[in-house]
Structures are given as C-alpha cells and as structure tokens.
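Colleague: Let me see the structure of the following:
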Amino acid sequence: MLFNIIVIFFLGYLGYRIFNLLRLPGGNVTGPLLLLAIITSQGIDWAELPSFTNTLFQIIIGIMIGCKFSKEKVATIKAVLLPGLLSSVWIIIFSLAMGFVLAKFTNLELGTALYASVPAGLAEMGLIALLYHLNVSVVVLFQFVRVISINLSVPLIVFKYNNRGKIAKANRSKPVIPQVDESKGKRGKLLEILITLILGGIGGFLAKYGGMPVGGMLGAMLVISILKTMGVGLKDPPEWLFLIAQIGLGSYLGTCFTREVVIALQNLLFPVIVFSFLVVINGLLVGFLLHRLLGWDLTTSLLSTAVGGVSLMTITAMELDADAVKVSILQSIRLITILLTMPTLILCIIR
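Modeller: All right, here's what the predicted structure looks like:
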C-alpha cells in the first residue's frame, strides 16, 4: 500500500512538472489528473487507496480557503447567495434536459443518463448510481470526462481573455516548487500552524463522516473561516503543503479512469464529446452573464460557474489570483443544492 501511494504521488508530481514546464494554468491538479488517467486507462490495477486519502487532501485545501476569510468577507457571502441559487437552478434544468437527450439518442436507461448528466461529485454520483443499480461505469465516465474537459479548457480560456499579462508574469516568476513565504514564517509559529491544521482537520472529518457533500473541504473551510471572522489569530499553512494537496487530489481522481471506463468510452465516444462540449459552453455562458450583470471580474465569474468540482475550481481560482472565497461559496451552493434535490427529483422521474 505504501509503495502504491508513493508511485501514484510520484507520477502525479511528474504530471505537475510537465504542465508547469509548458506553463499551462491549473496544472497543479490537472497535470497529475491527466497523466494518472492515461496510465490507469491502460489497465494498471492500483491497490485501493485508503478512504481518508481524498478527505485529507480536501481538508488541507479547505483550510487554505478558510484562512482567506475575515470579517469583511461576510458581506461577500450575502452578495453571492442569490446568484448562486439562481445559477444552481439553471444548471439543474440544463442537466435534466441533457439527461433526457442522452436517453433518447443512446441506448442508456433514463436513470443512468440523468445521473451521468448531473454535474456533482464523481464519487457521489457513482455511489448513488450503485445504490440504484444503474450503470456505474457510464455515470463515472461522463462525470470524469466533464471534470477533465472543464479543467483543461476553462483555465486556458481564463488565461487568454482575462488578466493575461498579470497571470503570465506570475507564472514566469513562480518557481517549480513553491517555497514558504519567509515573512509569513517569521510571524507565525509552528505551534500556531499546527493548531490551525488540527482545528481544520476536526471540522473536515466531522463533516465528511456526517454526510456533508465534499465534507472534508467544506467542513475545514467552515471551521477555519468562522474562527477567522471571529478574530482568532490562526496562521496559514505553508504553500508547499497546499501544493502536495493539489497534486494528491489530482492523482487520486486520475486513478478513477479505469479500464471499465475506457470500454464505456469506446461505445459512447460521440455522445461524451458532445456532452462535454455543451457543459463547458453552458458554464462559460453563465459565467459571462454574471460578469456582465454583476460586474465581477471575468476570472472569478467563469470559475464560479464552471462545473469542474468545488475543490478543483477553487484551487484554480487561487492559482489565477481570482476571488477564491467567492468561487468556493458559489461552487458549494451549486453542489449542495444539486445533491439535496437531484437524487429525489431523478427518482421521481424514473419511477
């Protein structure tokens, strides 16, 4: 098991270095994800990773996001609540329509098509599909290709159309392996950082095992953000820990692209391509609409509405100097709304 984890993380680090060398945005997660997906698709049978691995990576990311909160950020939550709910309703309508279209033009049963179209967590949708005896491989396939498509396309689009010079300069000056901020290290103490990690870890694991969607990240983020807004002097974890979490999360997701998923892809290649294209376009259109109507910067708007996953889109927002708090809040509203409503809604439809 230990050797298996070391190999997976090494390959993930290699994918990160490749994307970093090519100066592709979002490569801290997408690079490991894509490289591990390619290797896993060749029939590599990885030993099953411990269930807490993904949660641990999510907790670190949630702590990093939570540390960006302050009393001033409370107004942001109120400001994005209505746009978040409205965009979530639109995504639910769009997903249902896509599911019906998939069922009509393919031989997929309606339940499988609907769960394949819901832009929620890959693991969550796979588990629900398994619970209702649907085609789990097809559901995982569509969810996985959705994540890949968005994480390959949206950061590049953002890179091209918004803050081009600032992002390019940041990428040129950023070292291959982020170093700990020396000024921050002088102010903070190891004990204070450790307390931050422990408190975030408690919140993350409690939320995870309490059944909250993406509980590791959201629980840690919630605990740390509340303490920060209360004025508790928590210290940010070092940047290298955040990098490890990013590489680890991307690597973990990449191992989901199994041989069974590849077989399903061969039979559904054209529908998957069309589906992925429409999902990307839909997110971009809603993002541009938020940008025009609310005056948000384009990077934040696009990453808030791209259905590439709460963790992945928030990480990308932090990399591209967008408002990570706003992105995480909108992404969380979408995910929670979908997971609270869609299973019951789909169950009523297919019955």
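
Colleague: I'd guessed G27 sits against N20; true?
Modeller: Yes: between G27 and N20 there is a contact under Cβ atoms under 8 Å: 5.6 Å. In short, each C-beta sits where N, CA and C put it, glycine included.

Colleague: Neighbour count: these two, which is higher?
Modeller: More crowded of G27 and N20, by other Cβ atoms under 10 Å: G27, with 27 against 17.

Colleague: Identify the residues contacting the nearest residue to the more buried one once chain neighbours are set aside.
Modeller: Closest residue to G27 apart from its sequence neighbours, by Cβ to Cβ, 6 or more residues apart in numbering: F19 at 2.6 Å. Contact analysis of F19 by Cβ atoms under 8 Å, 6 or more residues apart in numbering lists 26-28, 30-31.

Colleague: Give me the neighbour count for V325.
Modeller: The local packing of V325 (other Cβ under 10 Å) involves 23 other residues.

Colleague: And for the one 10 residues further on?
Modeller: If you count neighbours by other Cβ under 10 Å, L335 ends up with 21.

Colleague: Just the pLDDT for it.
Modeller: L335 is assigned 78 on the pLDDT scale.

Colleague: surely it meets G308?
Modeller: No: using Cβ under 8 Å, L335 is not in contact with G308; the gap is 11.3 Å.

Colleague: which regions of the stretch 201-350 of the chain sit below the pLDDT cut-off?
Modeller: 213-214, 340 (pLDDT under 70).

Colleague: gap between stretch 247-255 and the chain center?
Modeller: With Cα atoms, centre = their mean, to the nearest Å as the basis, stretch 247-255 stands 11 Å off its chain's centre.

Colleague: least trustworthy position among the contacts of F19, going by pLDDT?
Modeller: Least confident of the contacts of F19 in the model: G26, at 62.

Colleague: how about the helices of the stretch 201-350 of the chain, start to end?
Modeller: Along the stretch 201-350 of the chain, the segments classed as helices by DSSP state H, counting those that start in this stretch run 215-229, 239-254, 259-267, 269-294, 298-305, 310-319, 324-350.

Colleague: How much space separates V280 from G99?
Modeller: Using Cβ to Cβ, to the nearest Å, we find V280 at a distance of 17 Å from G99.

Colleague: re earlier: now, which of the contacts of F19 sits nearest Q246?
Modeller: Distance to Q246 across the contacts of F19 (Cβ to Cβ) is lowest for N28, with 4.0 Å.

Colleague: The closest one: which element?
Modeller: helix 27-40 (DSSP states H and E).

Colleague: which strands and helices sit next to the helix or strand following that helix?
Modeller: The helix or strand immediately downstream of helix 27-40 is helix 52-66, counting by DSSP H and E. The contact analysis (3 or more Cβ pairs under 8 Å, 6 or more residues apart in numbering; DSSP states H and E) places helix 52-66 against helix 190-209, helix 215-229, helix 239-254, helix 310-319, helix 324-350.

Colleague: could I get these as CSV with distance to V158?
Modeller: Output for the helices and strands packed on helix 52-66, formatted as CSV (distance: least, Cβ to Cβ, whole Å):
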stretch, distance to V158
helix 190-209, 28
helix 215-229, 21
helix 239-254, 17
helix 310-319, 8
helix 324-350, 11
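
Colleague: Nearest to V272, out of these?
Modeller: V272 lies closest, by Cβ to Cβ, to one member of those: helix 239-254, at 17.0 Å.

Colleague: Tell me the gap between that closest one and the middle of its chain.
Modeller: 12 Å.

Colleague: the inter-axis angle of that helix versus helix 215-229?
Modeller: Here helix 239-254 runs at an angle of 150 degrees relative to helix 215-229 (axes from the mean of the first three to the mean of the last three Cα atoms, to 10 degrees).

Colleague: by contact count, what packs against helix 239-254?
Modeller: On a contact count with 3+ Cβ pairs under 8 Å, 6+ apart, helix 239-254 meets helix 2-21, helix 27-40, helix 52-66, helix 310-319.

Colleague: could I get the ones you listed as a markdown table with distance to L81?
Modeller: Formatted as a markdown table, the helices and strands packed on helix 239-254 follow (distance: least, Cβ to Cβ, whole Å):
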| stretch | distance to L81 |
| --- | --- |
| helix 2-21 | 34 |
| helix 27-40 | 27 |
| helix 52-66 | 17 |
| helix 310-319 | 16 |
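
Colleague: from those helices, which stretch is densest packed?
Modeller: Of all these, helix 310-319 has the most neighbours on average by mean count of other Cβ atoms under 10 Å, namely a mean of 27.

Colleague: what residues does that helix touch?
Modeller: 25-26, 28-30, 57-58, 61, 64-65, 147, 150-151, 154-155, 158, 214, 217-218, 246, 249, 299-300, 303-304, 306, 308, 322-324, 327-328, 331-332, 335.

Colleague: Equivalent analysis for stretch 145-156, please.
Modeller: 24-26, 29-30, 33-34, 37, 119, 122, 253, 265, 272, 275-277, 279-280, 283-284, 302-303, 306-309, 312-313, 316, 319-320.

Colleague: Please apply the same query to stretch 205-217.
Modeller: Applying Cβ under 8 Å, 6+ apart, the contact partners of stretch 205-217 are 52, 54-59, 61-62, 65, 120-121, 124, 204, 218-220, 222, 310-311, 314, 332, 335-336, 339.

Colleague: Straight-line length of that stretch, end to end?
Modeller: Chord length of stretch 205-217, first to last residue, is 9 Å (Cα to Cα, to the nearest Å).

Colleague: in this protein, which helix has the most residues?
Modeller: Longest helix of the chain, by residue count under DSSP state H: helix 74-105.
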